[in-house]
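**Q** sharing a sequence plus its predicted fold:
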There are 2 protein chains.
Amino acid sequence: MSEIRTLALACRDAAQAMFALDSEAKRRLLRDMANALEAERDAILAANARDVQQATAKGIQGAMLDRLRLDETRVAGVANAVRDIAALPDPVGLITRRETRPNGLEVERIRIPLGVIAMIYEARPNVTADAAALCLMAGNAVILRGGSEALHSNVAIAGVLRSVLEKHDIPVAALTLVEDLSRETMVELLQLSDLVDLAIPRGGEGLIRFVAEHARVPVIKHYKGVCHLYVDASADTSHALNLLVDGKTSRPGVCNALETLLVHRDVAGSFLPQAAQVLEERGVELRGCERSRALVPGIRAATDDDYAAEFLDLILAVRVVDDLGAAIGHIQRFGSDHTEVIVTRDDAAAGRFVQAIRSAVVMVNASSRFSDGGELGLGAEIGISTTRLHAYGPMGAEALTVERFVVKGQGQVRHPSSLVVRETFETH
Amino acid sequence: MSEIRTLALACRDAAQAMFALDSEAKRRLLRDMANALEAERDAILAANARDVQQATAKGIQGAMLDRLRLDETRVAGVANAVRDIAALPDPVGLITRRETRPNGLEVERIRIPLGVIAMIYEARPNVTADAAALCLMAGNAVILRGGSEALHSNVAIAGVLRSVLEKHDIPVAALTLVEDLSRETMVELLQLSDLVDLAIPRGGEGLIRFVAEHARVPVIKHYKGVCHLYVDASADTSHALNLLVDGKTSRPGVCNALETLLVHRDVAGSFLPQAAQVLEERGVELRGCERSRALVPGIRAATDDDYAAEFLDLILAVRVVDDLGAAIGHIQRFGSDHTEVIVTRDDAAAGRFVQAIRSAVVMVNASSRFSDGGELGLGAEIGISTTRLHAYGPMGAEALTVERFVVKGQGQVRHPSSLVVRETFETH
């Protein structure tokens, strides 16, 4: 048997042990993990220093190096994130529906863990702790496959967390770190459909496409967030301006940042020049349609590629549209099913927008930047799904569980002719 | 562009039209479809007669020929099934959660359709109508790929249903029947991950494995139902006998039929001989462990293959176990995550069984044959999922939808520094 299959088999057995834990046991486990991360901070930082040194030697720099680097504050942040997860409501065991059938059967729908979750991610070592904590809190076992740049950090963090599992008499395989980072092993992991219940890739579009392409296990993913802000004819343009600036400039490198502005032609003349001025003061480059360029001279023409792009940068595509229907049509054509915003004072327009747009998150008069598990009340987030199945939008602990049926009867059979006992053993 | 891609693109556009329909429009559509199936009964039966003739010429007979054959009663049954689906609660638009965040954002979770569902099935032409009706009722568009034996029947039924879509001014592509039944075209359909939201295979294990192997779109499936009945030490043995007979003999060819009986050693001596007698009178062959064979002389020895088998026939594997833990261990090893039953008068034992078994449906003192969408209150069933994701167990209309987020604000931004308007346009 291959090494990765052996690991996954042990992880699946450990999933049974995780399934048996009650909420308090899981909370104690996670709180001890948070404490252990702090207690072992120096060892974690030493391992991280080796990763940073190797990355620097390889010429890695900028945002990628920053994502890799840990310091005392970040380790404390990771520990606190694990504590926050320990304080979340436990989705496991939740009875979501209960019905008594005409024949007296009591039918309940109850949440149970998914089982074994494979997390595939890139350079951020904090994912090792917080994704693991969220999977464990939802009663799952987890297989972590991080990026090679962070391997020493990940081994150190996973080692700390596994020592806590051991102290709690839980099989350490409940948290399994894959140290063989070859593509072949990742592909094999993604094809263990009898052992792995879900794969969640987190990282760049290349990684996610690779996972989707090779997986035989279920995958929940999002490729990109091409988020739109539509300024309706009836919009409060002050709100529109605030939401535009927040959406585009407060953190341009994340998936819930705005990429495209759509403006109703009736307000374009007053709104667009003002918006362009404010955005340009903040270093945003605009790329527009013909009508936008007539209103804001000097900006570049937008291509279809611009409208489909997730810039992740201070660039904004702009289009003036004839009406709400045209805005909806644009989003249906270019959207990525992530997050769209309408700014309007017209409830009917808001209703029509919500009705026609099938994205995971639709905002009315609120910033796209709220499209986040923490901000929408999930407490923590393991990712944002644009797969319209199981979970759609930000995913918290509940998205790591599934409802099943528990049925209680008093001996009911489906076919009356099966009641042999009444015929055969009259004495009963 | 390939023909199947062209079909799927049109189907995806039609999904937008389906998304826009309100409940009443969908109910009217389905009722008209039911009426049209009855009105066009003779044409459907004529097409079916061609299928039956060709199948007979190919030597198809028995259960398979029976599944293919339609008659007046069956067409009426199909029409009535469509009427029943039209009367189901509409899951689309249902607000499942509502919360106001500290910053005033109103966050709602609302069910929307999945989009485009591909149904892959075998010889039963009634699936063409009832799977289509359930997908449409949940606001989806559907691509149907049935078996070649039923092609004439499927073309006739789909034609009738599409003519009703046309009368209702809904793009007929909302119900698309694939007539090119080559394997290559099926594989291509299963890889249209930008156009198809979910594939549901229904049929034999071979078909389902083929779909799972080749799909790049999400698949919800079940391979087999190896359902267990465990008779606890404290069982009401009359109940146990009824449930055993119902589970094994009332319809042995279906996935919720029993395949394995586990008996606590304390009751094996009294229960097993009695059970064996009743089952043998009904033509059931037993295959047992050593201890079972000592109690019921003359039965064949059970192998591990027998314990893993979905017999779909009047055969039952039997094992005497030392205790509840051993029964759980057996099910964890050989189970298929479908349906398991415990017969007990001991609430603690029932609780421990439910707690340890992660199957989609767990029954306490009730027949495995109730593991069915209609019996468990879903109204209709598109399949039974043993994929622990999205839906687990019988799937009704709700399983053909997903929750998304709708957020209403009053201009909230995530970062206070984004409030440019207050600084720049004081007059507002």
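**A** Structure received.

**Q** assumed A:Ser385 was part of a strand.
**A** Yes: counting by DSSP: H, G, I helix; E, B strand; the rest coil, A:Ser385 is part of a strand.

**Q** next up, the contacts around the spatially most central residue of chain A.
**A** Central residue of chain A (CA atoms, centre = their mean): A:Gly383, 1.1 Å from the mean position. Contact analysis of A:Gly383 by CB atoms under 8 Å, 6 or more residues apart in numbering or on different chains lists A:Ile200, A:Arg202, A:Ile220, A:Lys221, A:His222, A:Pro394, A:Met395. Using the backbone N, CA and C atoms, a C-beta is placed for each residue, glycine as well.

**Q** what sits closest to the second one if chain neighbours are left out?
**A** What it means is A:Arg202. Residue nearest to A:Arg202 in three dimensions, not counting chain neighbours: A:Tyr121, with 4.4 Å by CB to CB, 6 or more residues apart in numbering or on different chains.

**Q** ok, the one you found to B:Leu195 distance?
**A** A:Tyr121 is 28 Å from B:Leu195, where distance means CB to CB, to the nearest Å.

**Q** partner strands of the longest strand that chain A contains and their direction?
**A** For chain A, the longest strand by residue count, based on DSSP state E, is strand A:401-412. Here strand A:401-412 has these sheet partners by DSSP bridges: strand A:106-113 (antiparallel), strand B:361-366 (parallel).

**Q** A:Gly59: which of these is closest?
**A** The closest of the strands paired with strand A:401-412 to A:Gly59 is strand A:106-113. By CB to CB, the value is 41.8 Å.

**Q** what pairs with the next helix or strand after that closest one, parallel or antiparallel?
**A** Going down the chain from strand A:106-113, the next helix or strand is strand A:116-121, by DSSP states H and E. Within its sheet, strand A:116-121 is paired with strand A:141-145 (parallel), strand A:198-202 (parallel), according to DSSP bridges.

**Q** okay if I get the strands paired with strand A:401-412 as CSV plus mean neighbour count and distance to B:Glu285?
**A** Compiled in CSV, the strands paired with strand A:401-412 are given as follows (neighbours: other CB atoms under 10 Å in any protein chain shown; distance: least, CB to CB, whole Å):
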stretch, mean neighbour count, distance to B:Glu285
strand A:106-113, 20, 33
strand B:361-366, 27, 24
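
**Q** and of the ones you listed, who's closest to B:Leu295?
**A** Ranking the strands paired with strand A:401-412 by their distance to B:Leu295 (criterion: CB to CB) puts strand B:361-366 first, at 23.5 Å.

**Q** hey, C-alpha coordinates of the closest one in PDB?
**A** Extracted in PDB, the C-alpha atoms of strand B:361-366 (Å, rounded to 0.1, in the frame of the first residue of the first chain):
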ATOM      1  CA  VAL B 361     -30.200   6.700   7.700                       C
ATOM      2  CA  VAL B 362     -30.200   5.100  11.100                       C
ATOM      3  CA  MET B 363     -33.400   3.400  12.300                       C
ATOM      4  CA  VAL B 364     -34.300   2.400  15.800                       C
ATOM      5  CA  ASN B 365     -37.000  -0.200  15.900                       C
ATOM      6  CA  ALA B 366     -38.200   0.500  12.300                       C
END
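
**Q** for that strand, which outside residues touch it?
**A** Applying CB under 8 Å, 6+ apart, the external contacts of strand B:361-366 come out as A:105, A:404-412, B:236, B:239, B:243, B:338-344, B:350, B:353-354, B:368, B:370-371, B:376, B:393-394.

**Q** likewise stretch A:37-52?
**A** A:65, A:68-72, A:75-76, A:78-79, A:82, A:125, A:129, A:149-153, A:155-157, A:160-161.

**Q** hang on, the residue nearest to A:Arg202 packs against A:Val127?
**A** Yes: here A:Tyr121 reaches A:Val127: they are 4.8 Å apart, a contact under CB atoms under 8 Å.

**Q** find the nearest non-adjacent residue to the one residue in the stretch 251-400 of chain A that gets nearest to chain B, please.
**A** Using CB to the nearest CB, the closest approach of the stretch 251-400 of chain A to chain B is made by A:Ala366 at 2.9 Å. What sits nearest to A:Ala366 in space, not counting adjacent residues and going by CB to CB, 6+ apart, is B:Gly409, at 2.9 Å.

**Q** check A:Asp130 too.
**A** With CB to CB, 6+ apart, the residue lying closest to A:Asp130 is A:Ala81, at 4.8 Å.
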